[in-house]
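**Q** Sequence first, then the predicted structure, then my questions.
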Amino acid sequence: MKRTILSALTVLVASAAIAPVASAIEPASFNIQSARLEELDSRSKNSVHKLRIDHLNNQSKAIEDIQATRLEALDARTKAVDNIQETRLNALDARTKAVDNIQETRLEALDARTKNSVHKLRLESLNSPSNAVDNIQAERLNGLDARTKSVVR
């Protein structure tokens, strides 16, 4: 019986001594698994977070590229419109210069005609008195000739 009590006492002491170690070991392995799960969760969260950030960055880059392309197309259209307007203005300037040149030529011809007409009128007005004087002198000469002829005859 001593042996039984001693054995029971040994088992009791051993179980009392092993129980805290066993309970400490069991949560430690549970804690290790929990820590592993938490680490795995954080890695998953980090990789998902990184994937989301990459996806958002790719979307942002795609939007920026689309906006840049649209701006380039808009700039090209604006330049085309500017070139068309500049060409139209140049054509309008050329037409205006041509009309100005035509009008200037017409005015010069008109001026030349007017000067010729005025010159002719001046000549006629100068020639009229001269012609009148010539006519008077011719008449006087004819009269003198007639008198001279009548005296001589």
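**A** Arrived safely.

**Q** just how off-centre is the host helix or strand of residue 121 within its chain?
**A** Element membership of residue 121 [criterion: DSSP states H and E] is helix 2-152. What separates the centre of helix 2-152 from the centre of its chain is 0 Å, taken as C-alpha atoms, centre = their mean, to the nearest Å.

**Q** Which strands and helices lie in contact with that helix?
**A** Contact here means 3 or more C-beta pairs under 8 Å, 6 or more residues apart in numbering; DSSP states H and E; on that basis helix 2-152 packs against no helix or strand. For every residue, glycine as well, the C-beta is placed using N, CA and C.

**Q** Give me the mean pLDDT for that helix.
**A** Mean pLDDT, computed over helix 2-152, is 82.

**Q** begin at 4 from here
**A** Taking 4 as the first residue, the last one we looked at is helix 5-155.

**Q** Give me the neighbour count for residue 90.
**A** Applying other C-beta atoms under 10 Å, we find 10 other residues in the vicinity of residue 90.

**Q** how near is it to residue 77?
**A** From residue 90 across to residue 77, the span is 20 Å (C-beta to C-beta, to the nearest Å).

**Q** Can you name the residues that contact residue 46?
**A** The contact partners of residue 46, taken as C-beta atoms under 8 Å, 6 or more residues apart in numbering, number zero.

**Q** From residue 40, how far out is it?
**A** Counting by C-beta to C-beta, the separation of residue 46 from residue 40 is 11 Å.
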